[in-house]
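*Asks:* Requesting a structural model of the entry that follows:
(one chain, ligands or ions: 1)
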Amino acid sequence: MALLLPPDRPAPAAAALLLRALRGEEVPRPPVWFMRQAGRSLPEYRELRRGRRMLDLCGTPELAAEVTLQPVRRHGVDAAILFSDIVVPLEAVGIDVEIRPGVGPVIATPVQTRADLARLREPEPDTDLAALAAAVRLSCDGLGETPLIGFAGAPFTLASYLVEGGPSKAQARTRALMLAEPGVWAELLERLAAIAAAAIETQVRAGAQAVQVFDSWVGSLSAEQYDRHVLPAMQLLLQRIAALDVPVIVFGLGTGHLLERLAATGARAVGVDWRTPLPEAAARLGPAVTLQGNLDPAACLAPWEVCERHARAVLDSAPARGYVFNLGHGVQPQTDPGILTQLAAYVRERHA
Ligand code: 1CP
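*Replies:* Below is the predicted model of the structure:
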């Protein structure tokens, strides 16, 4: 499997751009990458995926590394994100999870009682997470100077899949458990924080230079619920990551009301979705927190002129320092990859 990058990959000078921006340093232009840049929007991914289970693809290091590199080759983005999924560390400890096409992760036996918690042990890095580490190492070998972002699902978002048994709109069962059984809930989130921490430690030790914690669905909580039922586990997770000395981005969809809380986890950077204007986020979080976002992914489904206009507005509203260009959530599967290539070039060249 060819892991080599074409000659037009960004020059090494741009390579550390992401890390510099995450640290709040002055940079010549904002770095650009896209959440869910690897995967279904790319025909070369769909080709490789054909006839394979998603989790088998994640568990085959050579293939996972190849998929990780695909968007870097094609779009010239300033970072790769490991091709994996937030449920991979759960599968690694024996949770019966399957990723169903067009649905997402489905858990055959949901976690709903105190007795179920014993199934959530911390993974052993050298055995349970060996394939994850190998995928990171191979990805880094192929990336050269371009940094690799490792990731994990945050405790709340992982809990939502485990408790519901699959994707859900409102996480009603999850929030019901949180309110009805706060003791069970706290232990559940503590165990999930340990699982996420182990996955991130493995990725950083194998070469990931930054990490993102995806708390995609935590926007369904009130600020008070977040403080009481989620923040302690997030702080545990972020404390373990702090020992690794890599920048951490925390992201959640629809978290405009929680931005200060996301920063209170100890994150170096906060991902913002398109509903919160960047100047508002900057004013609320201050210059010590890097912002990442926040082009509406729907803009990438529109003709290029429309996408460009919205991208310009995002860039014009972004802070001069401590800013990473991204979408406000993941790339939609039906996105024309040509638009993403144009968008990455637009961000790279606007300041040239
Ligand atoms: O080919 C396929 O059918 C699988 C589709 C797919 C892919 C490509 C899934 C199923 N996961 C992934 C890869 C993935 N997942 C990546 C790496 C790719 C990249 O970012 O470039 C990452 C970072 C994730 C993380 C992930 N998985 C999140 C957090 C990010 C987000 O979008 O909010 C979540 C919530 C998941 C669960 C999940 N896995 C897959 C789907 C379709 C879903 C979401 C289902 C739902 O709506 O609840």
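
*Asks:* low-scoring stretches of the chain, by residue?
*Replies:* 1-15, 352 (pLDDT under 70).

*Asks:* Show me where it has its strands.
*Replies:* In the chain, the strands defined using DSSP state E lie at 80-81, 97-100, 104-107, 148-153, 210-214, 248-251, 269-271, 290-295, 323-327.

*Asks:* right, and those strands - which one's nearest the ligand?
*Replies:* Smallest distance to the ligand across the strands of the chain (C-beta to the nearest ligand atom): 2.6 Å, for strand 104-107. No exception for glycine: its C-beta is placed from N, CA and C like everyone else's.

*Asks:* wait, does the closest one contact the ligand?
*Replies:* Yes: Strand 104-107 lies within reach of the ligand by C-beta under 6 Å from any ligand atom, at 104, 105.

*Asks:* Which other helices and strands does that strand contact?
*Replies:* Using 3 or more C-beta pairs under 8 Å, 6 or more residues apart in numbering; DSSP states H and E as the contact test, the elements touching strand 104-107 are strand 97-100, helix 155-164.

*Asks:* buried sites along it?
*Replies:* 105, 106, 107 (16 or more other C-beta atoms under 10 Å).

*Asks:* these two touch, right, residue 135 and residue 69?
*Replies:* No: under the criterion of C-beta atoms under 8 Å, residue 135 is not in contact with residue 69, lying 11.1 Å apart.

*Asks:* mind checking the end-to-end distance for stretch 249-269?
*Replies:* The straight-line separation of the ends of stretch 249-269 (C-alpha to C-alpha, to the nearest Å) is 4 Å.

*Asks:* what's the answer for stretch 290-307, then?
*Replies:* Counting by C-alpha to C-alpha, the terminal residues of stretch 290-307 are separated by 24 Å.

*Asks:* Mind jotting down where the helices sit in the stretch 1-150 of the chain?
*Replies:* For the stretch 1-150 of the chain, the helices defined by DSSP state H, counting those that start in this stretch occupy 12-15, 17-22, 43-49, 54-58, 61-75, 88-92, 130-143.

*Asks:* pretty sure residue 154 contacts residue 213?
*Replies:* Yes: using C-beta under 8 Å, residue 154 is in contact with residue 213, at 4.9 Å.

*Asks:* More neighbours: those two, which one.
*Replies:* The neighbour count for residue 154 versus residue 213, taken as other C-beta atoms under 10 Å, is higher for residue 154 (31 against 27).
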